[in-house]
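Fold the stuff below for me.
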Amino acid sequence: MRRRSRRRLMRATVELVDQHGYGGTTLGDIAERAGLARGLVSYYFDGKRLLMQSATHRLMHLELSAALESLPPDASPQARLARAIDAVLHLALDHPRVMRSHLALILDPDAGAFVQDPEQQQLGAILRELLRDWGAVDPVAEHAVLRSALMGGCIGVLLPGAATPLAPIRADLFARYGLAWELGVPPQPQPPEAPHRRRRSVH
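Residues are numbered from 1 along each chain as shown. Predicted structure coming up:
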């Protein structure tokens, strides 16, 4: 019952923030959407921020798991890692309000430390396993790098007024891990052209 109630609250949080944004969603709204008493929200989660963080981590965990399950059993480690990267980046496009709120909260030093809840730990475990199969010498350290890169990619896609298209962000990540463009779910048939670097003249 406890697990089911927590999941209902997290699902309701994602649905409401998708519709109304973080600021426009109250704990009362979440409890009503979940069909639970208002007091249970505070019983299961220590405040709106922690509920939001856990809800987003659960969304990411579920989307990542579903994306990997859609691959054939004999999919290569490269195909699985590519699919995982695409799944996370596409969350920024499919749930922009949720992801903006999530990133804003974890980047705000006054809001508190990064939340390592059970959902986040499951998400991390999946990514570390993918990196281990891919060939990472130190999957734990590489996971920290990949997590930062994915966060940066999501910020780039979501940056108001200065958003970067998904294709170059994806191309940069795929190049880092030696992944072919056609793996995963490419946003366009061909990768974008790499920008030409202007050489500095020597006098």
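
buried residues in the longest helix belonging to the chain?
Assignment by DSSP state H gives helix 48-69 as the longest helix of the chain. Residues of helix 48-69 classed as buried: 48-64, 67-68 (neighbour count, 16 or more other C-beta atoms under 10 Å). (Each C-beta comes from the backbone N, C-alpha and C, glycine too.)

same check, this time on stretch 21-28
Applying 16+ other C-beta under 10 Å to stretch 21-28 flags 22, 25, 27 as buried.

Report the helix or strand with the lowest average pLDDT across the protein.
helix 38-44 (a mean of 89; mean pLDDT, DSSP states H and E).

helices or strands up against that one?
Applying 3 or more C-beta pairs under 8 Å, 6 or more residues apart in numbering; DSSP states H and E, one finds that helix 38-44 makes contact with helix 2-20, helix 27-34.

Please save the CA atoms from stretch 117-132 in CSV.
Included here for stretch 117-132 are C-alpha records, laid out as CSV according to Å, rounded to 0.1, in the frame of the first residue of the first chain:
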residue,chain,number,x,y,z
ASP,A,117,16.1,8.6,-3.6
PRO,A,118,15.4,4.9,-4.5
GLU,A,119,14.2,6.0,-8.0
GLN,A,120,17.4,7.9,-8.7
GLN,A,121,19.4,4.9,-7.4
GLN,A,122,17.6,2.5,-9.8
LEU,A,123,18.2,5.0,-12.7
GLY,A,124,21.9,5.2,-11.8
ALA,A,125,22.2,1.4,-11.5
ILE,A,126,20.8,1.0,-15.1
LEU,A,127,23.2,3.6,-16.5
ARG,A,128,26.2,2.1,-14.8
GLU,A,129,25.4,-1.3,-16.1
LEU,A,130,25.1,0.0,-19.6
LEU,A,131,28.5,1.8,-19.3
ARG,A,132,30.1,-1.4,-17.9
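
between the longest helix of the chain and helix 27-34, how many degrees?
If you take axes from the mean of the first three to the mean of the last three C-alpha atoms, to 10 degrees, helix 48-69 sits at 40 degrees to helix 27-34.

Determine how far helix 48-69 lies from the middle of the whole chain.
In terms of C-alpha atoms, centre = their mean, to the nearest Å, the centre of helix 48-69 is found 8 Å from the chain centre.

Perfect, I'm done here.
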